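Engineer: Sequence and predicted structure are below.
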Amino acid sequence: MQFLEFAELSGSALWLTAAGRVFVHGRTNDRKRRFREHLLRFVPLAARIHRILEEREDHQAPRVRIEAELEDHLTRQEAERTLRTVTGWARYAELFGYDDKSRRFTTVGTSA
């Protein structure tokens, strides 16, 4: 929550930010929209994948492409964990999808 700027950590106390309070009290679709906005704003990897998908005519990208970029900066295990986390967040926010079978990222609403 802190990473997405929905909360602030002070010592052992966690405080919701104004955006966090709106998120907590929002309806499901409003929460997803706000989460999507914060992903794009505060998570460069999510924004990068989204941008790649938007630029491609078929709105798809192979997982191996994103993994290769991450592995330039992280260990293989760190890259995997990071990509798994961002993919889960993006799925929740309906920012982009991922098909485990084809190992491809897709714009929401397209199929791999």
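Structural biologist: Structure received.
Engineer: As a check, name the ranges of all helices in this structure.
Structural biologist: 18-25, 28-42, 44-55, 63-71, 76-93 (DSSP state H).
Engineer: what's next to the shortest one, contact-wise?
Structural biologist: Residues from elsewhere that reach helix 18-25 (CB atoms under 8 Å, 6 or more residues apart in numbering): 1, 5, 6, 7, 16, 31, 34, 35, 38. The C-beta positions use only the backbone N, C-alpha and C, and glycine is treated the same way.
Engineer: Same question for the last one.
Structural biologist: Residues lying outside helix 76-93 but in contact with it, judged by CB under 8 Å, 6+ apart, are 32-33, 35-36, 39, 43, 45-46, 49-50, 63, 66-67, 70-71, 74, 95-98, 105.
Engineer: Okay, the closest residue to residue 105 other than its chain neighbours and residue 99: tell me how far apart.
Structural biologist: Leaving aside its sequence neighbours, residue 105 sits nearest to residue 61 (CB to CB, 6 or more residues apart in numbering; 4.8 Å). From residue 61 over to residue 99 the distance is 11 Å, taken as CB to CB, to the nearest Å.
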